[in-house]
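**Q** Starting from these lines, generate the structure:
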Amino acid sequence: QVWLAESGGGLVQAGGSLSLSCAASGRTFSEYTVAWFRQAPGKEREFVAAINWSGTDTYYVSSVKGRFTISRDNAKNTVYLRMNSLKPEDTAVYYCASRPERVGVLSGLTGANFASWGQGTQVTVSS
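**A** Okay, the predicted model is just below:
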């Protein structure tokens, strides 16, 4: 079992930047795939980005590619999501999720395949 806690959300103007953090406690976080999902009001939860255990593979939804960067520091048990050039449509509650695995290439990046979730952090982008 691993426990996750997101932080770093807030209100930002369109074009601005935010950095989210996902801090983990419990089991060895360095052996986990970690992903970010988001859910906007009235919409389904959406996959945003993922990173494998070693940080050598990442994957992004097309709408954030080139604007968002996922990274991790296993020594600090933390995964980050750097969000640049934010748009109003990025407004959502952002959740980090994890699952225990050591893979070189990411796959199966749907919410149902992740066992542990944080409580979420609100990101609001004003136009």
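
**Q** tell me the strands in the chain, going along the chain?
**A** Counting by DSSP state E, the chain has these strands, from start to end: 2-7, 10-13, 18-26, 32-39, 46-51, 58-60, 68-73, 78-83, 92-100, 116-117, 121-126.

**Q** Tell me the strands beside the shortest one, with direction?
**A** So that's strand 116-117. Partners of strand 116-117 in the sheet, by DSSP bridges, are strand 92-100 (antiparallel).

**Q** Quick check: buried residues in the partner strand?
**A** Within strand 92-100, the residues that count as buried by 16 or more other CB atoms under 10 Å are 92, 93, 94, 95, 96, 97, 98, 99. From N, CA and C alone the C-beta is placed, and that goes for glycine too.

**Q** residues contacting the last one?
**A** When you say that, I think you mean residue 99. Applying CB atoms under 8 Å, 6 or more residues apart in numbering to residue 99 gives the contacts 32, 33, 113, 114, 115, 116.

**Q** which of the residues you listed sit farthest apart?
**A** Pairwise distances across the contacts of residue 99 (CB to CB) peak at 12.4 Å, for the pair 32 and 113.
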